[in-house]
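**Student:** Just need the structure, nothing else, for what follows:
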Amino acid sequence: MELSGFYGLIYKACVWIMRLAYLNVLWIAFTLLGLLIFGLGPATSAMFSISRKWIIGEDNIPVFRTFLTQFRSDFRKIFYLSAILFSVGALLLANLMFFTKGDVPLLQIAKILTVNLAIVYGVMLIYIFPVFCHFDLKLLQYLKQSFYIGFLHPVFTLFLVLGMVGIGFVFLKVPGLMLFFSGSSFSLFLTWGAHKAFSKLESKKFRLRVAAPSNRIVS
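**Tutor:** Residues are numbered from 1 along each chain as shown. Here you go, the predicted structure:
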């Protein structure tokens, strides 16, 4: 018998807490299984893939089996993509640390440019895993699509940033939660947000396709 009312809400909340905790443990375990360097990207991709299935209503999937399948199938592709992201991020960080050491005008200009690039990088980072799990693209096209979606919806992207800051603040206040929710809570939130952005994008494309025939000149 399905619970309803207040007890139904409590039951659903407990179910989601258990789901997120289990998913987070899998993410950590498979990341460590890949010695961090080789496991972080594929494990994160598998985590976002599970989050996507939950967001679109596939609640009864076998979590471990689905996670393992995604971890294996996307391993090489996401590893290369993660290597690109890590390299770019490390380069931006090194540049920021270098350019902040001097007051020379040229260094200040370089610093401003690097900060702008870091913002672009951060926006792409927000959407990259949801895009990877949602679309089947070539490697560099994931970066392009993440950039396109992020800057096409700047207000919504800002909302996601503020949401992540809020989640991070909770973890700072209660560090014990990080073991069970550090990755899964971010992945579910970002997947939900990205799914909204994807829906808006598809709706916009549909409206353009519908409006296109009316703009044609009939001879």
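**Student:** what's the helix-or-strand element of the chain with minimal mean pLDDT packed up against?
**Tutor:** When each helix and strand of the chain is scored by mean pLDDT, DSSP states H and E, helix 184-211 comes last, with a mean of 83. In terms of contacts (3 or more CB pairs under 8 Å, 6 or more residues apart in numbering; DSSP states H and E), helix 184-211 is packed against helix 5-33, helix 40-55, helix 105-134, helix 139-152, helix 154-173. Using the backbone N, CA and C atoms, a C-beta is placed for each residue, glycine as well.
**Student:** To what extent is the closest residue to L117 other than its chain neighbours buried, counted in neighbours?
**Tutor:** Leaving aside its sequence neighbours, L117 sits nearest to L92 (CB to CB, 6 or more residues apart in numbering; 6.1 Å). Neighbour count for L92, taken as other CB atoms under 10 Å: 17.
**Student:** again, but for F180
**Tutor:** F180: 18 surrounding residues under other CB under 10 Å.
**Student:** who touches it in this structure?
**Tutor:** By CB atoms under 8 Å, 6 or more residues apart in numbering, the contact list for F180 reads L20, A21, N24, V25.
**Student:** okay, now F98: neighbour count?
**Tutor:** If we define neighbours as other CB under 10 Å, then F98 has 13 of them.
**Student:** Next up, phi/psi of it, please.
**Tutor:** Main-chain torsions, F98, degrees, to the nearest 10: phi -70, psi -40.
**Student:** quick one: the nearest residue in space to A43 that is not next to it in sequence and W16, what's the gap?
**Tutor:** Counting by CB to CB, 6+ apart, the nearest residue to A43 once its immediate chain neighbours are dropped is F30, at 4.0 Å. When distance is defined by CB to CB, to the nearest Å, F30 is 21 Å away from W16.
**Student:** Now do the same contact list for L81.
**Tutor:** By CB under 8 Å, 6+ apart, the contact set of L81 is G41, I128, F132, L139, Y142.
**Student:** Which strand or helix spans it?
**Tutor:** helix 75-99 (DSSP states H and E).
**Student:** Quick check: mean pLDDT of that helix?
**Tutor:** Averaged across helix 75-99, the pLDDT comes to 91.
**Student:** now the angle from that helix to helix 40-55?
**Tutor:** 110 degrees (axes from the mean of the first three to the mean of the last three CA atoms, to 10 degrees).
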